[in-house]
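Student: Below are the sequence and a predicted model for it; my questions follow.
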Amino acid sequence: MSEQLLISILAAAVTAGTPILYAALGELITERAGILNLGVEGVMLIGAVSGFIAAIATGNSWWGLAAAMLAGGAVAFIHALLCISLRANQIVSGLALTLFGTGLSGYLGKAFIGMPVPQPFRDQPLGLLAKIPFLGPIFFHHDVLVYASYLLVPALSFFIYHTRPGLILRALGENPAAVDALGSKVFLLRYIYVILGGMLCGIGGAYLSLAYSPCWLENMTAGRGWIAVALVIFALWNPWRALVGSYLFGGIDALGFNLQLLGVAVPVFFLNMMPYLFTILVLTLVMVRKGGRLATPGALGLPYNREER
Amino acid sequence: MQFRLEKRLTHSPVMAMAVPAVATVLALLFCAVFLALTGRQPFELYAVMLTGALGSSYGLSETVVKAIPLMLCGLGISIAFRMQLWNIGAEGQFYLGAFGATWVPLTFPTLPAVVMLPAMVICGMAAGGLWALVPAFLRIKWQVNEIITTLMLNYVGILWVYYFVYGPWRDPKGFNFPLTAPFPAAAMLPTLGSSRIHIGLLFAFVIVILFVVIFRNSRWGYEIKVIGASERAARYAGMNIKRNMYIVMIMSGAICGLAGMAEVSGIAGRLQPSLSPGYGYTAIIVAWLAKLNPVAIVFVALLFGVLQVGGYLVQTYGVPASIAAMIQGAILFFVVGGEILTQYRIVITGLKGAEPADE
């Protein structure tokens, strides 16, 4: 394989991995707070469609991004309301979110299929960094949302492991009763993190419709939301591992696409299966290595009830 | 007004009935907001959907036709959910079932119907069951989350079918469309009179009866219930959890596979892409709305058949068919949100301004 091709595949891995990364980070903080949100796929779709519509209406993709965050946060709020206040089954509520998001995004987006984005997020090589041999074109020839994710991962990691609110976030998912006893507001904090998580998933969706594709297609996330959910397990709830995992999946995506361009004799349908099969494989490997016991947040998926402390 | 939630000692049967009904109404109102915001007349649209699906014999029969795969997949899902096995792979198992069933007439086109149809049922169920065996194995052996594996296999299963209809199984006389050759008459399920309602409806009824017997009268049904309620209790009681998990997942996949078989053999008459408009996903809502009760699944599936046909019909008014998925998702929201009322009662503890009585 020529170096040129390798660079282009690795650079494509970064862009293909970025929407998954945003979504995985969103799910990561949600789960750290003890709430399982299986609605990532739906939230991403809502983010993608609302970002797209807002970008067309205003002619400005930044407004699109803001709309995607707002919409992602709003639908995540529904999940928060059901799971935190109404103590609903988190698995089923998440599935409902995915199904509702798929339906709503299909409904809202129908009229916009085939329209171009006025000003999609375009690649902006990052000065001197872009000139580093090999690494420059892989990591620093992208759009601003990719660069923002480079900052988000270390920031989130620092927040979770080295700050007091981060400690409380971890405790929320492990032992909410302890957080309550310390005088922090469990319900309010969980709401905040679920909504923030939804906003990040919204960005992940908007990245697809405003930068990666950039267009709107029904069901354009094609399972990326679910891959993000799987990635959080693979990442063992650590942002850095989520970054690595996202690029790994981006790489599989990019590899499949490039093999197709090279005219490899594998039918395209089998190439398209790769990300999904890879998800199953990676998840299985993690479980085998950890002997089926992960450091899952102890209170994940359990509604908190003050009266049953 | 102040209130608090008080745990009910027993589940309220009144609420168990009322919650899904009220949830459906609230979901329709909730979606009406989105319809109104996008410049449509929500209640006129609902009326069109309802009269379209129920107002003519054609509409009625289409409603039943769409309800059959929802019943079968809903039943398949319900048995796994009872054991807290979250099989959300019905869509993939449906496609694999259709694939397995199609293999029979394509390989042995001259079989008589009495051999052909049972062979198709067996192959369809086997393919669906095997598709569910993979996540079952991974879950039982290494605790791999079955929600994710079953869902990932949906995408793989659909691509698998696409590969065959675009490739080796494509009808050479089909003008290059991605379709298999049409089935011989012997491979088509009998229908009710001249309607499109096929014997698949009977499959669903047989499974309902089977489930009712299993869960009311059999030791095995009791074991499934116990394992679903508490794995630890089941282990203390000496129940074989792993074996039951395998059986239940394979049964679940096989029934969803049967749904796929019934759809190709009863309706499509050939294997084709987009055989299912998401039946496997909608059936999750059906199963949950019916509280996993087999008899209730039949009725909820019929209700969702109305939505499916209605959503299809309003397309002629320029409304996207996804309106049905949107309403269905919203119904599930309200149902899970309302479930708290079956376990808790709201007790009003004081009026505004007055001191609450017990604090």
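Tutor: Good, I have the coordinates.

Student: tell me which residues in the helix or strand containing residue A:276 are buried?
Tutor: Using DSSP states H and E, residue A:276 falls within helix A:268-289. Residues A:268-269, A:271-280, A:282-284, A:286-287 are the ones in helix A:268-289 that count as buried (16 or more other C-beta atoms under 10 Å in any protein chain shown). Where you see a C-beta, it was placed from the backbone N, CA and C, and this is true even at glycine.

Student: restrict those residues to those near chain B?
Tutor: Applying C-beta under 8 Å from any C-beta of the partner chain, the subset of these adjacent to chain B comprises A:269, A:272, A:273, A:276, A:277, A:279, A:280, A:283, A:284, A:287.

Student: Now the second one. Nearest residue, chain neighbours left out?
Tutor: Beyond its immediate neighbours in the sequence, the residue positioned closest to residue A:272 (C-beta to C-beta, 6 or more residues apart in numbering or on different chains) is residue B:159, lying 5.5 Å away.

Student: The helix or strand that neighbour falls within relative to helix A:268-289, how many degrees between them?
Tutor: Taking DSSP H and E as the criterion, residue B:159 maps to helix B:146-166. Comparing the axes of helix B:146-166 and helix A:268-289 via axes from the mean of the first three to the mean of the last three C-alpha atoms, to 10 degrees yields an angle of 160 degrees.

Student: picking up where we left off before, which residues lie in contact with the residue nearest to residue A:272 in this structure?
Tutor: Residues near residue B:159 by C-beta atoms under 8 Å, 6 or more residues apart in numbering or on different chains: A:269, A:270, A:272, A:273.

Student: mind running it again at 7 Å?
Tutor: Shown in contact with residue B:159 (C-beta atoms under 7 Å, 6 or more residues apart in numbering or on different chains): A:269, A:272, A:273.

Student: sorry, back to before: moving C-terminal from the helix holding residue B:159, which element do we reach first?
Tutor: Remark: after helix B:146-166, the chain's next helix or strand is helix B:200-217, criterion DSSP H and E.

Student: who does that next one touch, helix- and strand-wise?
Tutor: With contacts taken as 3 or more C-beta pairs under 7 Å, 6 or more residues apart in numbering or on different chains; DSSP states H and E, helix B:200-217 sits against helix B:57-82, helix B:219-229, helix B:241-263, helix B:294-313.

Student: Report the buried residues of that helix.
Tutor: B:200, B:201, B:203, B:204, B:207, B:208, B:211, B:214, B:215.

Student: would you turn those residues into TSV with pLDDT?
Tutor: Output for those, formatted as TSV (pLDDT from 0 to 100):
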residue	pLDDT
B:200	93
B:201	94
B:203	95
B:204	96
B:207	96
B:208	97
B:211	94
B:214	92
B:215	89
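
Student: closest to residue B:246 among those residues?
Tutor: Looking at the buried residues of helix B:200-217 and their distance to residue B:246, the nearest is residue B:214, at 16.4 Å (C-beta to C-beta).

Student: Surely the closest one is in contact with residue B:220?
Tutor: Yes - between residue B:214 and residue B:220 a contact is recorded at 6.4 Å, counting by C-beta atoms under 7 Å.

Student: May I have stretch B:6-23 exported as CSV, CA atoms only?
Tutor: The C-alpha trace of stretch B:6-23 is given here as CSV (Å, rounded to 0.1, in the frame of the first residue of the first chain):
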residue,chain,number,x,y,z
GLU,B,6,-46.8,5.8,47.8
LYS,B,7,-45.9,2.3,46.8
ARG,B,8,-48.9,0.1,46.0
LEU,B,9,-48.9,-3.3,47.8
THR,B,10,-50.2,-5.0,44.7
HIS,B,11,-50.1,-3.9,41.1
SER,B,12,-53.2,-2.1,40.2
PRO,B,13,-55.1,-3.9,37.5
VAL,B,14,-57.1,-0.8,36.7
MET,B,15,-54.0,1.2,36.0
ALA,B,16,-52.5,-1.7,34.0
MET,B,17,-55.5,-1.3,31.6
ALA,B,18,-55.8,2.4,31.8
VAL,B,19,-52.1,3.4,31.3
PRO,B,20,-51.8,2.0,27.7
ALA,B,21,-55.1,3.5,26.6
VAL,B,22,-54.4,6.9,28.1
ALA,B,23,-50.8,6.7,26.8
